[in-house]
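Peer 1: only geometry, no sequence info:
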């Protein structure tokens with residue numbers, strides 16, 4: 001990996017997920033550190049009362065790097081992620097790594113992210129997220145949501161904040177100066193907009209399949225009902241994304257209407273192929289309905305109402 005003296009800041013955002021946060025920090029305390037790098041850690045708590053401070057205080061002394069805790073009183077995904085960026089820049093970071101507070105990182109996670117980052121010469125890398133569904137999860141959910149690993153060093157268009165590392169050239173004032181968009185604070189897709197903004201400035205992202213995190217899904221998120229809600233909200237948020245970039249909204253609307261019509265027509269015949277085909281069709285119809293609802297003004301604020 002050369003003679004680099006990169007300073008990597010790991011950023012983790014949290015809001016009222018105390019037990020998952022403890023597991024996340026447990027795993028983080030055991031990671032390997034890439035050679036010839038300096039690493040520091042930032043925890044940004046979106047609870048204005050600092051509810052996660054006692055957890056941070058318990059784990060910080062045993063971390064293999066210097067740790068920092070901040071409270072971001074402005075609620076929302078974009079606010080906390082932007083706070084990570086601002087604090088990382090103050091620490092003179094050359095790269096920022098992110099994962100979520102309901103995830104467990106593999107021991108080699110940061111080493112593999114950094115290795116892929118340096119070898120690819122890209123502006124950012126996206127690792128692999130394995131979903132760990134709770135006991136008693138719906139069998140159809142397991143079929144609809146299989147775990148998979150991307151091939152190594154392929155170009156990707158999304159830098160997912162649940163497992164990524166990117167150069168601070170994307171976010172510093174002398175570079176791209178990109179930030180997460182506050183319009184997507186409670187809808188999700190803030191990392192998609194961040195990625196698109198970077199790509200429009202010529203950034204390059206690649207896969208880092210060996211950089212693994214495990215996302216633990218509680219029982220409430222391991223159901224077909226949860227998938228329906230998630231896919232419906234995706235349709236709503238897609239309207240926001242398309243309007244943000246002002247492209248193809250009429251064409252996309254016609255496509256979604258067509259999708260509803262033909263999938264409804266074939267839906268009665270799909271049970272012949274088992275449970276997965278009709279469930280998949282229902283999810284696609286749900287996304288299209290979400291799009292149409294979003295087109296007529298419906299908003300999604302799931303991340304304001306929930307901390308799961």
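Peer 2: Ah, there it is. Bear in mind the structure is a predicted one, so any value in this text is a computation, not a measurement.

Peer 1: CA atoms for contacts and neighbours, from now on please.
Peer 2: OK.

Peer 1: lowest-confidence helix or strand of the protein?
Peer 2: helix 302-305 (a mean of 63; mean pLDDT, DSSP states H and E).

Peer 1: same for the helix or strand hosting residue 85, what does it pack against?
Peer 2: Taking DSSP states H and E as the definition, one finds residue 85 inside helix 77-90. Applying 3 or more CA pairs under 8 Å, 6 or more residues apart in numbering; DSSP states H and E, one finds that helix 77-90 makes contact with strand 7-14, strand 38-45.

Peer 1: Now it: buried residues?
Peer 2: 77-85, 87-89 (16 or more other CA atoms under 10 Å).

Peer 1: any chance of these in CSV, plus pLDDT and distance to residue 297?
Peer 2: Below are those laid out as CSV (pLDDT from 0 to 100; distance: CA to CA, whole Å):
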residue, pLDDT, distance to residue 297
77, 95, 21
78, 96, 21
79, 97, 24
80, 97, 26
81, 98, 26
82, 98, 27
83, 98, 30
84, 98, 31
85, 98, 32
87, 98, 35
88, 98, 36
89, 98, 37
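
Peer 1: what about the helices in the chain?
Peer 2: 18-28, 53-59, 77-90, 109-120, 139-144, 190-200, 224-245, 249-266, 276-295, 302-305 (DSSP state H).

Peer 1: list the buried ones in stretch 36-45?
Peer 2: Going by neighbour count (16+ other CA under 10 Å), the buried part of stretch 36-45 is 38-45.

Peer 1: how about the helices of the chain in TSV, adding distance to residue 157?
Peer 2: Output for the helices of the chain, formatted as TSV (distance: least, CA to CA, whole Å):
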stretch	distance to residue 157
helix 18-28	26
helix 53-59	33
helix 77-90	19
helix 109-120	15
helix 139-144	22
helix 190-200	7
helix 224-245	15
helix 249-266	20
helix 276-295	21
helix 302-305	24
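
Peer 1: and the longest strand belonging to the chain, what does it pack onto?
Peer 2: If you go by DSSP state E, the chain has its longest strand at strand 205-217. Packing partners of strand 205-217 (3+ CA pairs under 8 Å, 6+ apart): strand 103-105, helix 109-120, strand 124-133, strand 155-156.

Peer 1: Mind checking these for the one nearest to residue 60?
Peer 2: strand 103-105 (16.5 Å; CA to CA).

Peer 1: residues touching the nearest residue to residue 111 once chain neighbours are set aside, list them.
Peer 2: Of all residues not flanking residue 111 in the chain, residue 34 sits nearest, at 4.8 Å (CA to CA, 6 or more residues apart in numbering). Neighbouring residues of residue 34 by CA atoms under 8 Å, 6 or more residues apart in numbering: 110-111, 114.

Peer 1: per-residue pLDDT, residue 34?
Peer 2: pLDDT, residue 34: 97.

Peer 1: OK, contacts around residue 275?
Peer 2: residue 140.

Peer 1: and if we set it to 7 Å?
Peer 2: For residue 275, the contact set (CA atoms under 7 Å, 6 or more residues apart in numbering) is empty.
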